[in-house]
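Chemist: Only the shape, not the letters, is given here:
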């Protein structure tokens, strides 16, 4: 029986960036490996927690994937294709490895911009081209999307509905109906612990 409510946990980097520094405002969202492993241990065997990773950091493949596989977990990786191959990020070949391991690939925009600040034509290109490149590189259909910076308005949501995404993920936090089109996520930070996150499911 499917869970009535779910907790979407969104990760960014695990450990420290390799080959680059933290981006602007990025440091709080890089979780230590020990904390990350504890959170995964708490999620193992649960159907009411959905896991995802943003941006396509190299730690997705080097740290997150092996840890997920050891626990029989799967996740969605929201990739910025414009960053593939850059220092500290996944390569184009890495996408195939994630897919071959049973992971899902989602769109995070071509170049990780604030979509509420883009003119309509540029917004359409940013979303559509990101999806097109990911489908070409990963060899799979991409029907999930996470909004960069969690920044959206009615124009952004209207475009995403017209582009027929199955689910669109935000950074709003809180629990979600698993059938809902718009999926709020709780972004994991250095301040979170596994008990705190799972307590959200019980309202504690």
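Modeler: Sure thing, it's come through. Worth saying up front: this structure is predicted, and the values here are computed from it rather than measured. Numbers count the residues shown, from 1 in each chain.
Chemist: tell me which residues in the biggest helix by length in the chain are buried?
Modeler: Longest among the helix segments of the chain by residue count, using DSSP state H, is helix 120-138. Neighbour-count burial for helix 120-138 flags 123, 126, 127, 129, 130, 131, 133, 134, 135, 137, 138 (criterion: 16 or more other CB atoms under 10 Å). (Glycine included, C-beta is placed from N, CA and C.)
Chemist: who touches the residue lying closest to the fourth one once chain neighbours are set aside in this structure?
Modeler: The spatial neighbour of residue 129 that comes closest, neighbours along the chain excluded (CB to CB, 6 or more residues apart in numbering), is residue 110 at 4.8 Å. Neighbour list for residue 110: 80, 81, 82, 125, 126, 127, 129, 130, 133 [criterion: CB atoms under 8 Å, 6 or more residues apart in numbering].
Chemist: farthest-separated two in those?
Modeler: 80 and 125 (14.5 Å; CB to CB).
Chemist: can you give me the strands for the chain?
Modeler: For the chain, strands defined by DSSP state E occupy the ranges 6-11, 49-55, 76-79, 104-107, 144-146, 167-169, 175-176, 182-183, 186-187.
Chemist: Output the ones you listed in a markdown table; the columns should cover mean pLDDT and distance to residue 118.
Modeler: Formatted as a markdown table, these follow (pLDDT from 0 to 100; distance: least, CB to CB, whole Å):
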| stretch | mean pLDDT | distance to residue 118 |
| --- | --- | --- |
| strand 6-11 | 98 | 22 |
| strand 49-55 | 98 | 19 |
| strand 76-79 | 98 | 18 |
| strand 104-107 | 98 | 15 |
| strand 144-146 | 98 | 15 |
| strand 167-169 | 98 | 17 |
| strand 175-176 | 96 | 26 |
| strand 182-183 | 98 | 20 |
| strand 186-187 | 97 | 22 |
